[in-house]
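Visitor: Sequence plus predicted model, see below.
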Amino acid sequence: QKEVEQDPGPLSVPEGAIVSLNCTYSNSAFQYFMWYRQYSRKGPELLMYTYSSGNKEDGRFTAQVDKSSKYISLFIRDSQPSDSATYLCAMSVRGQNFVFGPGTRLSVLP
Amino acid sequence: GAVVSQHPSWVICKSGTSVKIECRSLDFQATTMFWYRQFPKQSLMLMATSNEGSKATYEQGVEKDKFLINHASLTLSTLTVTSAHPEDSSFYICSARVPPRQPQHFGDGTRLSIL
């Protein structure tokens, strides 16, 4: 079993849809959880950073962590074509030993 | 805040030459920087962790003599691909972290093409 699993997609949605991106993990020691957005031929850009279980909202983005299920999600409301990118989840133990998911390719169609 | 600059963004060179890639943290001091390699449509592959003032820690399977890393200051780390060959062609990305327990911030990557 891989340490972090993420559906690679591609995921295609119409503009305005709510997008749900998910990752599961196996290491219960993970404490810090991140979501990055990566456009083609660019470096990943940090979108959300959360610690422990719960929800965190930033504009159209909501990050959700369920440590009991070892499951994290990123929700994008009112999706836009500019949201088309690859989304990587990442997690770490005490800020060390970062592990990245393989990424989900998202296409938002106008 | 937390801007990481990587240079060059794209380099094409002949087989056998050495290529240096710079990674700078512009508005913070980074005691730890990371170097990744990414193949098309694949995830990030950690190559090495670079700590200021000490030797880099390489991941298993990454040749230290091939990929030289120097972290000379709190704002600059360099990756030198020595005697590059076509199989070294890839997208190389650096990241930096403000400790403690902070996420990584990435540069925009360097596309390396070896002819």
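Guide: All right, it came through fine.

Visitor: Wait, B:Leu79 touches B:Trp35, no?
Guide: Yes: the criterion here is C-beta atoms under 8 Å, and B:Leu79 meets it with B:Trp35 at 5.2 Å. Any C-beta I mention is one placed from the backbone N, CA and C, and that applies to glycine too.

Visitor: all strands for chain B, in order.
Guide: Applying DSSP state E to chain B gives strands spanning B:4-7, B:10-13, B:19-25, B:32-38, B:45-51, B:57-58, B:67-73, B:76-81, B:90-97, B:104-106, B:110-114.

Visitor: TSV please, covering the ones you listed and showing mean pLDDT, distance to A:Asn97 and mean neighbour count.
Guide: Output for the strands of chain B, formatted as TSV (pLDDT from 0 to 100; distance: least, C-beta to C-beta, whole Å; neighbours: other C-beta atoms under 10 Å in any protein chain shown):
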stretch	mean pLDDT	distance to A:Asn97	mean neighbour count
strand B:4-7	96	20	19
strand B:10-13	96	31	14
strand B:19-25	96	20	21
strand B:32-38	94	11	23
strand B:45-51	92	10	20
strand B:57-58	94	12	16
strand B:67-73	91	19	17
strand B:76-81	95	19	21
strand B:90-97	94	12	25
strand B:104-106	93	12	24
strand B:110-114	96	25	19
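
Visitor: Just list whatever residues bridge to A:Ala85.
Guide: Beta bridges link A:Ala85 to A:Leu106, judged by DSSP bridges.
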